[in-house]
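Peer 1: my questions concern the predicted model and sequence given below.
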Amino acid sequence: MITARAAASFDPVGRSVAAARAFVRDTLQGWGYSDIVDDAVVLTSELVTNAVIHAGTAADVLCLRTDQGVRVEVGDRYPEREVPIHGAHHVLGHPDHENGRGLLLCAALASRWGVDYTPTHKQVWFQLDLPQRPVGTRSAGPALPAALLPVADEHVRVAVVQIDRTGAISAWNEDAAHVFGYASEQVVGKPLTDLAAWPHTPGTGTGIAEALQLSRWEGSYGIRGADGRVVPVYASHLRVRDTQGEPSTVCLLVRDDERAVLQTPQRAAVSDAGRESRTTDPFEVFIGSPAPDDLDGLLQRTVERARDMLDGDAAFLLLATDDETELEVRATTGLPSARQRFARVPVEAGTGRYGSARMPAVHEDLTAVPGAVPLLNSTGMRSVVTVPLKVEGRLTGSLGVAAEAAGRYSNEEALRLQFAADRIALAVESARLGELERLRRGSLSFLVEASDLLAGTLDRDQTLALMAQMTVPTLATWCAVYTIADQSSDPYLSYVLHEDEERIDGLKDLLSRIDPPDPVPTPGARVWTSPNDAARQAALLVSKRELGYGSSRPVSSGIGVTLATAAAVGGETVVLPLVARNRVIGMLTLGKPTDDHFRQEILELAEDLSRRAALALDNSRLYSERMAISQSLQRSLLPPGLPQIPGVEVEVIYRAAGEGNEVGGDFYDLFPIRDDAYGFAIGDVCGTGPEAAAVTGLARHALRLLAREGFGGPAVLERLNAAILDEGARSRFLTLLYGELWPQEDGSAVLKVVCAGHPLPLRLRQDGTVSPAAEPQPLLGVMDDLELYEQTVTLDPGDVLLCVTDGVTERREGTRMLGDDGLVDVLKTCTGLTAGAVAARVLRAVERFAAEPASDDMAILAMRVPEPHAI
């Protein structure tokens, strides 16, 4: 009896296959038929693919629910198309053809199936019956021979660890102590993160802290034992709460090779008595139950089962790159170590039908066709069968089984292997896309963090260090950065990093003895074999010397370092150009240890990183060059030094506003005019930065020149005023305090000062009184005709003359300002202090007045006539 129905139609386009799968999955899950969802989705996918891809017509999908199970009907509008009949002597599919495989799957998976015709439609249907379970059974697996049962130790130990709300260990059972070597009192109270060895590859999984917060979690990681070694474990986490509502996480852990003890089956199985017409899922028969829950585990199990199924000596599985031009080795068994993961081979290895990985191929004797299967070169394998993995007509990988004897395989084995490949292709592609999505998300997070770090510094050496530290060990085992100063310079080895610090010196020595890679601007990674070749030659030479060949005495020192360096650079090495502003400014070199290769996604991530790093490195170079020029020009504006004035203490403190500025709008000077006469000045040009500094240079040099020509103070400032006005639009108004000082024989000092719009100088007497030492007059750079006058001040022994710019008096915090009165209060506390102590106390008072850094230039000039006994 039909209890529910659902129908949908799908256009003849490739994306309809995925839409049909989603429709069937959602429908059956809504009906509560989760036990048969996977089989229904696989069969629907194959039949809809036949309709929309191969027949080129729309597909109609009808799902019918009954008490016993579900019937799914897939119809197309191409009834003339031949449908193979399932007969005893008729083969439903052939390895060289795409059609017919859906019916093979129907015969293997469905309880019943058939084909119906109408004048306008053809309809393929299949029936999936619900499993019959004994009362009380939640899930069950088939009875298996002892040889097929999972392997475990004689005494299986399940570590039980409880983690409290803060992530600290609150319970640790005896099995945990036995497996990891820690007694309970050694670990209780410590965070689990101190012991967990979590994968660090970007995008490959949830962090341990996040996993502990989930209601349920299952997966693999490592625990560092008491002996320092990492114990691989399979873990099952459950978040619980106690009677008071306090949450905690219960973690069950077993050794990773005993994961079957805890691993939750991915699909519900039934007892061996539950079916008659349908025995066991072919996917589970081939892969084993439970299936691995990660891509690497699934691929490794696949090659092992493929090898056993065809009684081969080796097997391999390669996954296609996104553009389907290359295949990456992802899993092997029975092959030499040199056939490592992520090595790449072309999809089209030849011009013939057997030269393409897109079609099944059988080679009875590889010696007759050398190079037909590049992965098997120099491995001793003679015969091989390879079949493609395809999803929706797109090549996703290649599965192969090889044997050392010739003539082992024929089309019959190719058909068996193709059937297995078709059964696992969808699961492999789904796992691959999941891994790729996690990797891409991690890559995006990695690049965002890298960009932030690189943008946070303009120091060249720090940028080089960041480039290397971001790639090791996340992207590569070792890294070297070459820089190019200019187009006429050779690449220079600027930075070397290895994940093992003990290998850095040996690696740096090796790279310094070989020619650097050519600075080719072509984007993308290119393979560089020079480090590997040089390391092998050095290792061979040292080994010969160790054995006494070619040398009068054995050379044992350094052989360990040389061999370790050879192993460190023995894998794939790639070079990525660092291109910024259309110029190659260096190369980023990444390397792997012996026989390791980079996966394509990592190289793409490294290429993105190299573009960001190149711009950051070039920015740091430009910044360093401009800073050097700026600082050189700024230093030329500062007085070369302060002269020693007999009988007078002098102290100057200068602070320019703005990062990297040594000179701003405020300035000072102290210089000899003639015998026993000295000039001093302190001024403030309107504004800050380079524009103000230009007027600063004009004022300081003009003051010296005019004073030494014999002009008095008013005449000096009047002529400086005219020079400033002559600058036109570039001129800035200027406040200036200028004076001349003559030390006297009686220990006093006579000063003549002119204060042109500047904060008034303050005189501190020995009795603690403070008073202005000059009167205000017009500032410079505003009016053409100025009439200035000078005032005479005598500093008695113990007196202090303090001159500051408005950066001191106008120091603000909110609505508060230090002001002239605040400066007077500070100066009153300086009685008896030296000139240096007075200047330091004023500076300290200014800095403490507000928390924010000063936004204006600041100059402090203190002159003191010491008492006779202090001279």
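Peer 2: Okay, I see it.
Peer 1: now stretch 427-434: average pLDDT?
Peer 2: Stretch 427-434 shows a mean pLDDT of 86.
Peer 1: show me the shaky parts of the stretch 601-750 of the chain.
Peer 2: Along the stretch 601-750 of the chain, segments meeting pLDDT under 70 span 634, 658-665, 687-690, 692, 729-730.
Peer 1: looking at the protein, which strand is longest?
Peer 2: In the chain, with assignment by DSSP state E, the single longest strand is strand 230-241.
Peer 1: chain center to the following helix or strand past it, what's the gap?
Peer 2: Counting by DSSP states H and E, the next helix or strand C-terminal to strand 230-241 is strand 247-255. In terms of Cα atoms, centre = their mean, to the nearest Å, the centre of strand 247-255 is found 30 Å from the chain centre.
Peer 1: what of stretch 33-45?
Peer 2: The answer for stretch 33-45 is 39 Å, by Cα atoms, centre = their mean.
Peer 1: report the angle between the longest strand of the chain and strand 247-255.
Peer 2: Orientation check (axes from the mean of the first three to the mean of the last three Cα atoms, to 10 degrees): strand 230-241 against strand 247-255 gives 150 degrees.
Peer 1: alpha carbons of strand 230-241, as CSV, please.
Peer 2: Taking C-alpha atoms only, strand 230-241 is exported to CSV below (Å, rounded to 0.1, in the frame of the first residue of the first chain):
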residue,chain,number,x,y,z
VAL,A,230,52.7,11.5,20.9
VAL,A,231,50.3,8.6,21.3
PRO,A,232,47.7,8.6,18.4
VAL,A,233,44.2,8.2,19.8
TYR,A,234,40.7,7.9,18.6
ALA,A,235,38.3,9.8,20.8
SER,A,236,34.6,10.1,21.5
HIS,A,237,33.5,13.2,23.4
LEU,A,238,30.1,13.7,25.1
ARG,A,239,29.1,16.9,26.8
VAL,A,240,27.1,16.2,30.0
ARG,A,241,25.8,18.1,33.1
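Peer 1: show me what it is packed up against.
Peer 2: helix 174-180, helix 208-213, strand 216-224, strand 247-255 (3 or more Cβ pairs under 8 Å, 6 or more residues apart in numbering; DSSP states H and E). All C-beta spots, glycine's among them, are computed from the backbone N, C-alpha and C.
Peer 1: rerun that using 7 Å as the cut-off
Peer 2: With contacts defined as 3 or more Cβ pairs under 7 Å, 6 or more residues apart in numbering; DSSP states H and E, strand 230-241 has these neighbours: strand 216-224, strand 247-255.
Peer 1: contact partners of the last one?
Peer 2: This means strand 247-255. Identification of contacts with strand 247-255 by Cβ atoms under 7 Å, 6 or more residues apart in numbering yields 158-165, 170, 179, 212, 231-241, 261-262.
Peer 1: got a PyMOL select line for the buried ones in the residues you listed?
Peer 2: Buried residues among those (16 or more other Cβ atoms under 10 Å), as a PyMOL selection:
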select buried, resi 158+159+161+162+163+164+179+212+231+233+234+235+236+237
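Peer 1: any idea which of the helices and strands packed on strand 230-241 gets closest to Ala839?
Peer 2: strand 216-224 (57.7 Å; Cβ to Cβ).
Peer 1: and that closest one, what's its mean pLDDT?
Peer 2: 81.
Peer 1: same question for stretch 794-803.
Peer 2: 94.
Peer 1: span of that stretch from start to end?
Peer 2: Taking Cα to Cα, to the nearest Å as the measure, stretch 794-803 stretches 15 Å from start to finish.
Peer 1: contacts for that stretch, please.
Peer 2: With Cβ under 7 Å, 6+ apart as the test, stretch 794-803 has contacts from 682, 737, 747-751, 761-766, 773, 827, 830, 835, 838, 861-868.
Peer 1: again, 8 Å this time
Peer 2: Applying Cβ atoms under 8 Å, 6 or more residues apart in numbering, the external contacts of stretch 794-803 come out as 680, 682, 737, 747-751, 761-766, 773, 793, 823, 827, 830, 832-833, 835, 838, 842, 860-868.
Peer 1: can you get me a residue count around Leu833?
Peer 2: Residues within reach of Leu833, counting by other Cβ atoms under 10 Å, total 16.
Peer 1: also Phe671?
Peer 2: 18.
Peer 1: and if you look at Gly506?
Peer 2: With other Cβ under 10 Å as criterion, Gly506 counts 23.
Peer 1: check the secondary structure at it for me.
Peer 2: Following DSSP: H, G, I helix; E, B strand; the rest coil, Gly506 is assigned to helix.
Peer 1: burial count for Ser378?
Peer 2: Neighbour count for Ser378, taken as other Cβ under 10 Å: 8.
Peer 1: OK, contacts around it?
Peer 2: With Cβ under 8 Å, 6+ apart, Ser378 has no contacts at all.
Peer 1: I'd like the numbering to begin with 4 instead of 1 from here.
Peer 2: Shifting the count to begin at 4 puts that one at Ser381.
Peer 1: confirm it sits in a strand?
Peer 2: No. Ser381 is assigned coil when assessed by three-state DSSP, not a strand.
Peer 1: next, work out how far apart it and Pro235 are.
Peer 2: Distance, Ser381 to Pro235, using Cβ to Cβ, to the nearest Å: 32 Å.
Peer 1: would you confirm that Val182 contacts Val234?
Peer 2: Yes. Val182 lies in contact with Val234 (Cβ atoms under 8 Å); the separation is 6.6 Å.
Peer 1: what residues do the two have in common as contacts?
Peer 2: Common neighbours of Val182 and Val234 (Cβ under 8 Å, 6+ apart) are Ile226, Gly228, Arg258.
Peer 1: among those, the buried ones, what's the ChimeraX command?
Peer 2: Selecting only the buried entries of these in ChimeraX, with 16+ other Cβ under 10 Å as the criterion:
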select :226,258
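Peer 1: re the thing from before, and the longest strand of the chain with strand 219-227, angle?
Peer 2: Strand 233-244 runs at 140 degrees relative to strand 219-227, counting by the same axes, to 10 degrees.
Peer 1: pull the distance from strand 233-244 to the chain's centre.
Peer 2: The answer for strand 233-244 is 27 Å, by Cα atoms, centre = their mean.
Peer 1: ok, and what's touching it?
Peer 2: The contact list for strand 233-244 (Cβ under 8 Å, 6+ apart) reads 162, 182-183, 200, 214-228, 250-262, 264-267.
Peer 1: now, of the residues you listed, which are buried?
Peer 2: Using 16+ other Cβ under 10 Å, the buried ones in the contacts of strand 233-244 are 162, 182-183, 214-215, 220-227, 251-252, 254-258, 261-262, 266.
Peer 1: lowest-pLDDT helix or strand in this protein?
Peer 2: helix 285-290 (a mean of 52; mean pLDDT, DSSP states H and E).
Peer 1: could I get the full set of strands for the stretch 354-503 of the chain?
Peer 2: Taking DSSP state E, counting those that start in this stretch as the criterion, the stretch 354-503 of the chain carries its strands at 364-366, 386-394, 397-406, 481-486, 495-501.
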